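> Sequence and predicted structure below; questions after.
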Amino acid sequence: MEGKWGIHYFNGSYNESLIQPIEAEWDEEISVLEIGCSCGGALVEIKNRYPNAEVYGTEISGKSAEVAGHFAKVVVNNIEEKNLPFPKKEV
């Protein structure tokens, strides 16, 4: 990963405890934002389970965000310094 993407770590798994609380039918249109999404393991798993999901992420590492950006809308930022530039949806 370091040679190709310039990142020193890669989290190829996801944290099930981030996905388990989602109370939606598999075909519902949902939006999910993960803060600190790393390379997007949880986001891609959410997209696999909920194909109509819109998945978003923020990540402080530009290289990790680039990997996750292949299947999610990801921005590079430090949420302590910037607002989240994602569309707000009424629930």
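Happy to help now that I have it. Numbering: from 1, shown residues only.

> For the residue nearest to residue 36 when sequence neighbours are not counted, give me its contacts.
Spatial nearest neighbour of residue 36, excluding adjacent residues (C-beta to C-beta, 6 or more residues apart in numbering): residue 59 at 6.4 Å. Every residue, glycine included, has its C-beta placed from N, CA and C. Counting by C-beta atoms under 8 Å, 6 or more residues apart in numbering, residue 59 touches 36, 37, 38, 65, 68, 74, 75, 76.

> and the second one, what element?
Element membership for residue 37, per DSSP states H and E: none, as it lies in no helix or strand.

> what does the fourth one give?
Using DSSP H and E, residue 65 falls within helix 62-68.

> May I have that helix as CSV, with CA atoms only?
Extracted C-alpha coordinates of helix 62-68, given in CSV (Å, rounded to 0.1, in the frame of the first residue of the first chain):
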residue,chain,number,x,y,z
GLY,A,62,-5.5,12.3,1.5
LYS,A,63,-4.2,9.0,0.3
SER,A,64,-6.7,7.0,2.3
ALA,A,65,-9.5,9.2,1.1
GLU,A,66,-8.4,8.6,-2.4
VAL,A,67,-8.9,4.9,-1.9
ALA,A,68,-12.3,5.3,-0.4
